[in-house]
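Chemist: Next input, structure requested:
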Amino acid sequence: MSRIGRLPIEVPAGVTVTIGEDNVITVKGPLGELTKSFPAAIKVEQEANVIHVTRPNDAKENRAAHGMTRSILNSMVIGVTKGFTKELQVNGIGYRVAKQGKQLDLSVGFSHHVFVDEVPGITLEAPDPNKILVKGCDKQQVGQVAARIRSIRPPEPYKGKGIKYADEVIRRKEGKTGAKKK
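Modeler: Predicted coordinates:
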């Protein structure tokens, strides 16, 4: 039995979980509404303010989907109550970021500025010239938008210039050393 899949999911006050036909589950909370379809073999039951996820047998597909279904449901409940945030840092001389309306204006060493539009359900913030906050209630979408912003100028290993996650550690390489010997 999956250790993660067996754990019950506590539903806090103010959150409503609707289990629909074909395992389509909708979670509504103060920060928004999320809807997701899950495999038909996995059984999701709600009793009062607790959700239980079970599987019918130990087939490989069911074992794989059991823990995943529980993790995604838990992330949905957390997302509509607390939300998710990814922090990115912009490192480099002359590299900066600014918020202009619903866009981020990135100046990251190109001959032009790069503009990133907000995605519906995701908010982009630039509290400092070298910090970006990606916030939203859908964990997957927050991570996807943060990865897309990071891919504009990934950090390089020699000087560490670029856009990186706040908790990311860049492995640094040593540059060239001395002149060639003949």
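Chemist: tell me the contacts of the nearest residue to residue 29 once chain neighbours are set aside?
Modeler: Ranked by Cβ to Cβ, 6 or more residues apart in numbering and with sequence neighbours excluded, the top spatial neighbour of residue 29 is residue 80, at 2.8 Å. Heads up, the C-betas are built off the backbone N, CA and C, glycines and all. Shown in contact with residue 80 (Cβ atoms under 8 Å, 6 or more residues apart in numbering): 15, 27-34, 137.
Chemist: Looking at residue 80 now. What's its pLDDT?
Modeler: What the model reports as pLDDT for residue 80 is 95.
Chemist: is it fair to say it lies in a strand?
Modeler: No. Residue 80 is assigned helix when assessed by DSSP: H, G, I helix; E, B strand; the rest coil, not a strand.
Chemist: ok, it to residue 13 distance?
Modeler: Per Cβ to Cβ, to the nearest Å, residue 80 is found 12 Å from residue 13.
Chemist: And for residue 22?
Modeler: 28 Å.
Chemist: same question, residue 114
Modeler: The value you get for residue 114 to residue 13, if Cβ to Cβ is used, is 43 Å.
Chemist: Could you check which of the two has the larger neighbour count?
Modeler: Using other Cβ atoms under 10 Å as the criterion, residue 114 and residue 13 rank with residue 114 on top: 15 against 6.
Chemist: Pairing partners for the more buried one in the sheet, please.
Modeler: residue 106 (DSSP bridges).
Chemist: Surely it is in contact with residue 148?
Modeler: No. Residue 114 lies out of contact with residue 148 (Cβ atoms under 8 Å); the separation is 11.2 Å.
Chemist: Cool, thanks, talk later.
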